[in-house]
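J.: Please work out how this folds:
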Amino acid sequence: MIELAPYHKMGLPVENPILLAGGTVGYGEAAHPGIDFSALGGVVAGPVTAHSVAGSAPPRYAAVEGGMVLAGEKQNRGVKTAIKRFARLWSGLGCPVIVQIADTQPEYAGRVARRLHEAPGVSGIELLLPEHGDEAHMEQLVQSAVRAGDLPVWVKLPQARAVQIAPLTVGAGAAAIVVGQPPTGSAIRTQDDQSVEGRFYSPSVFPLMLATLQEVAALRLPCALIACGGVHTVR
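T.: The predicted structure follows:
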């Protein structure tokens, strides 16, 4: 077993180090029929926010060589609807489910975390930190999610600031830190010459993620450390 919340009173043990990142299978309902969830360490579902968030105006997607740029990654119908529609699915998925919170205000993040603590089938929370903002605000955001209940909280860091803010997130109660959020990019769609700005997803981001991960690991923080970004093979 691998412990992904080693200093948390409940812990979050998983049998496999392979996790599905947020957005990969939606809330679990968008999974390919061939996926065997019982063979995975866990899946991150979501995102969810206190209130529904509309998607970005189209176009939202642009293909680039070796990857894609995707806008509107926070689109969702709100935490209440997500729990109502998918909690039963989470309970029967066959692996731990960690639900991703995308609120950027401490009050709302705490409100969402409280709902998730009460929801069946949820093993943990992953909190997205905003790319921009002062450290005091980020600390409050983490504390709000942590203090809302007993579930372990992972914090997914913006890669450019991961080394800087990792210590404060652990000090605020994060059980694990995830390195990290996809970089922001822009691309021109070949079919209509329109520009799309959003997150860049590609195996090519792996070296950037790994360099940041190694820097964070060197800090030797008392938490689990989870790699996320460009991971696409077992090697």
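
J.: What does A30 show for phi and psi?
T.: Dihedral pair for A30: phi -100, psi 10, per degrees, to the nearest 10.

J.: roughly how far apart are it and G94?
T.: Distance, A30 to G94, using Cβ to Cβ, to the nearest Å: 16 Å. Glycine gets a C-beta too; all of them are placed from N, C-alpha and C.

J.: where exactly do the helices run in this structure?
T.: Using DSSP state H, the helices of the chain run over residues 79-91, 106-118, 135-146, 162-171, 206-217.

J.: So which bits of the fourth one are buried?
T.: Applying a neighbour-count criterion of 16 or more other Cβ atoms under 10 Å, the buried positions in helix 162-171 are 162-163, 165-166, 169-170.

J.: Equivalent analysis for the third one, please.
T.: When burial is assessed from 16+ other Cβ under 10 Å, helix 135-146 yields the following buried residues: 138-146.

J.: quick one on the thing from earlier: okay, the helices of the chain in TSV with mean pLDDT and distance to E197 next?
T.: Output for these, formatted as TSV (pLDDT from 0 to 100; distance: least, Cβ to Cβ, whole Å):
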stretch	mean pLDDT	distance to E197
helix 79-91	97	26
helix 106-118	98	24
helix 135-146	98	23
helix 162-171	98	22
helix 206-217	98	19
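
J.: burial count for G230?
T.: Other residues lying near G230 total 17 when counted by other Cβ atoms under 10 Å.

J.: OK, contacts around it?
T.: G230 sits next to 202-209 when contact means Cβ atoms under 8 Å, 6 or more residues apart in numbering.

J.: which residues of the chain fall in strands?
T.: Counting by DSSP state E, the chain has these strands, from start to end: 2-3, 13-14, 19-20, 42-48, 61-64, 67-70, 97-101, 124-128, 153-157, 176-179, 184-188, 195-201, 224-227.
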